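J.: Give the three-dimensional model of this entry:
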Amino acid sequence: MADIAVLGHGVVGSGVLEVLLTHTDSITRRAKEEIRVRHILDLREFPELPYAGRFTKDFNTVLNDPEVTIVVECMGGLEPAYTFVRQCLENGKSVVTSNKELVAAKGAELLALAQRNNLNFLFEASVGGGIPIIRPISQCLAANEVSEIAGILNGTTNFILTKMIREHMGFEEALKLAQELGYAERDPSADVEGADACRKICILASLAFGTHVYPEDVHTEGITRITLEDVAYASAWGGVIKLIGQVSMLENGRIAIMVAPMFISRDSQLANVDDVFNGILVRGDATGDVVFYGKGAGKLPTASAVVADVIDCVKHMKARKYLFWEDAKPDYIEPFESITGDFFLRVQGEGSSDEAFAMAAWVLPGAARIVRREEAPGEAGLSVENITEAQLKGCIDKLEAGGVRVLDRIRISDF
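T.: Residues are numbered from 1 along each chain as shown. Alright, predicted model coming up:
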């Protein structure tokens, strides 16, 4: 018998209980012993539930129960989740969590604590919800040198961009629909500003490259400035716009990492990841490109990944699973301004579209024209290759000094 406690009875926590109670026999068979929920921590009361008698409002009930060997953290946020998880690991209890904010901010510390105490700290559900990604990178692709990871890591932003692409729906209208359908929170700022995707790509980068990548060190752009004009230019170029979290290991040993809207070619395996689905592409030296696809959130998909970690934890109760990364070293991130890439620019001058492009091509030698239907007067789209952010900024300053406004600039992905 393996006794566990669940912290939090919200969307994910209640899903975990549902999966455990409706799949008891198969879970017992896979774990090779019965998993029993002894305590559920929540400040609310749920008298209508069949397991109402297992609720407690006092975390010490969980912490001081010697029978509880695994704690499942589904509270979300950094506090009090971090304090509770740390105390559990300090007191001989392994932890499973779905909390991306916790893992992104405190992963190195909590993994080290688990290692010192011969315990497990597992977090498969923190990145892809129901998409298996942590275990494949750490185990199935362990023979590879992973060089790059790129992904569509947020269902809300992907849903919004899909509506903009397919139905020519404006950003605000698409966001409102996402909220009405329950795909976005009432205050979805972490989604549309890229913070959610940033936490997830940081976890993947930490796992792949063995050093803790902190969200506050990562350049992050959201999708609030993306317009239907940008969408039309992406289509004319031969692709679509997606919010991409991307990380790669450079030859100088630094990590190049960012979250930003990007042009993706229609030939890319990520181009057809639409609506609330997520897609993660891992590039290994032996396997080449491997893509993981599915719903990145949701009650039961996320709960399924959490319970899978619980089963894994039970099976490795006396043999710790190896998940680990070091704390970050100084200057481990390549400055964003130094990262070389390709870009799309949408510019507008006081004269004709041809004149606006000519001015841009003079400042940016090698620029290629992109023409969309129904271009506004004086508007031109262009792509430019192999330029750093710092160089591009200097060129944009020259353009605007010459009377050509840069309405938008969007990175072009090579995935």
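J.: quick one: the helices in the stretch 251-400 of the chain?
T.: Using DSSP state H, counting those that start in this stretch, the helices assigned to the stretch 251-400 of the chain run over residues 299-315, 353-363, 389-401.
J.: which stretch in those has the least confidence?
T.: Mean pLDDT is lowest for helix 299-315 among those, at a mean of 93.
J.: And that helix, what's buried?
T.: For helix 299-315, the neighbour count (16 or more other Cβ atoms under 10 Å) marks 299-314 as buried. Glycine gets a C-beta too; all of them are placed from N, C-alpha and C.
J.: Can you say which helix or strand has Ala190 in it?
T.: Per DSSP states H and E: Ala190 is located in helix 189-192.
J.: distance of Asn120 from Asp312?
T.: 8 Å (Cβ to Cβ, to the nearest Å).
J.: overlap in contacts of these two?
T.: Common neighbours of Asn120 and Asp312, using Cβ atoms under 8 Å, 6 or more residues apart in numbering, are Lys321.
J.: packing partners for the helix holding Ala190?
T.: Here helix 189-192 touches helix 155-167, going by 3 or more Cβ pairs under 8 Å, 6 or more residues apart in numbering; DSSP states H and E.
J.: Excluding residues flanking it in the chain, which one is nearest Gly170?
T.: Ranked by Cβ to Cβ, 6 or more residues apart in numbering and with sequence neighbours excluded, the top spatial neighbour of Gly170 is Leu228, at 6.4 Å.
J.: since we're on the one you found, how many residues are nearby?
T.: Leu228: 13 surrounding residues under other Cβ atoms under 10 Å.
J.: Could you report the pLDDT at it?
T.: 97.
J.: Go ahead and confirm it touches His168.
T.: Yes: the pair Leu228 / His168 is scored as a contact, 5.9 Å apart, by Cβ atoms under 8 Å.
J.: Just say helix, strand or coil for Phe187.
T.: If you look again at residue 187, you'll see it is Asp, not Phe. coil (DSSP: H, G, I helix; E, B strand; the rest coil).
J.: roughly how far apart are it and Ala195?
T.: 12 Å.
J.: low-scoring stretches of the stretch 101-250 of the chain, by residue?
T.: By pLDDT under 70, the low-scoring segments of the stretch 101-250 of the chain are 186.
J.: ranges for the strands of it?
T.: Secondary structure of the stretch 101-250 of the chain (DSSP state E, counting those that start in this stretch): strands at 121-122, 146-152, 219-220, 239-249.
J.: host element of the spatially closest residue to Arg38 that is not a sequence neighbour?
T.: Closest residue in space to Arg38, ignoring its immediate chain neighbours: Asp3 at 4.8 Å, by Cβ to Cβ, 6+ apart. Secondary structure from DSSP H and E places Asp3 in strand 2-7.
J.: what's the nearest residue to Val11 if we skip its chain neighbours?
T.: Leaving aside its chain neighbours, Val11 sits nearest to Lys299 (5.0 Å; criterion: Cβ to Cβ, 6+ apart).
J.: One more: Leu43?
T.: Lys57 is the one closest to Leu43 (Cβ to Cβ, 6+ apart), at 5.5 Å.
J.: With adjacent residues omitted, what lies nearest to Ser14?
T.: Lys299 (7.2 Å).
J.: Go ahead and confirm that neighbour touches His9.
T.: No: between Lys299 and His9 there is no contact under Cβ under 8 Å: 11.9 Å.
J.: Roughly how far does Ser268 sit from Ile40?
T.: For Ser268, the distance to Ile40 - Cβ to Cβ - is 43 Å.
J.: again with Leu243
T.: From Leu243 to Ile40 the distance is 35 Å (Cβ to Cβ).
J.: Contact partners for Glu251?
T.: No contacts exist for Glu251 under Cβ under 8 Å, 6+ apart.
J.: how close does it sit to Arg411?
T.: Applying Cβ to Cβ to Glu251 and Arg411 gives a distance of 20 Å.
J.: do the same with Ser383
T.: From Ser383 over to Arg411 (counting by Cβ to Cβ), the distance is 11 Å.
J.: repeat for Val310
T.: 39 Å.
J.: For the helix holding Ala190, give me every contacting residue.
T.: Counting by Cβ under 8 Å, 6+ apart, 154, 156-157, 160, 175, 184-185, 195-196, 222-224 sit against helix 189-192.
J.: Can you give me every residue that contacts the residue nearest to Ser14?
T.: So Lys299 contacts 11-12, 14-15, 18 (Cβ under 8 Å, 6+ apart).
J.: In TSV: those, plus neighbour count.
T.: Listed next are these as TSV, based on neighbours: other Cβ atoms under 10 Å:
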residue	neighbour count
Val11	16
Val12	29
Ser14	19
Gly15	23
Glu18	14
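J.: of those residues, closest to Leu141?
T.: Nearest to Leu141, judged by Cβ to Cβ, of the contacts of Lys299 is Val12 at 26.4 Å.
J.: Quick check on Asp187 and Ala195: which one has the bigger neighbour count.
T.: For Asp187 and Ala195, the more surrounded residue by other Cβ under 10 Å is Ala195, and the numbers stand at 19 against 8.
J.: quick one: contacts for the residue nearest to Gly170?
T.: 164, 168, 170.
J.: Just put those residues in TSV and tack on neighbour count and distance to Tyr233.
T.: Below are the contacts of Leu228 laid out as TSV (neighbours: other Cβ atoms under 10 Å; distance: Cβ to Cβ, whole Å):
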residue	neighbour count	distance to Tyr233
Met164	22	12
His168	10	13
Gly170	13	16
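J.: Can you lay out those residues as TSV showing distance to Phe277?
T.: Output for those, formatted as TSV (distance: Cβ to Cβ, whole Å):
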residue	distance to Phe277
Met164	16
His168	21
Gly170	22
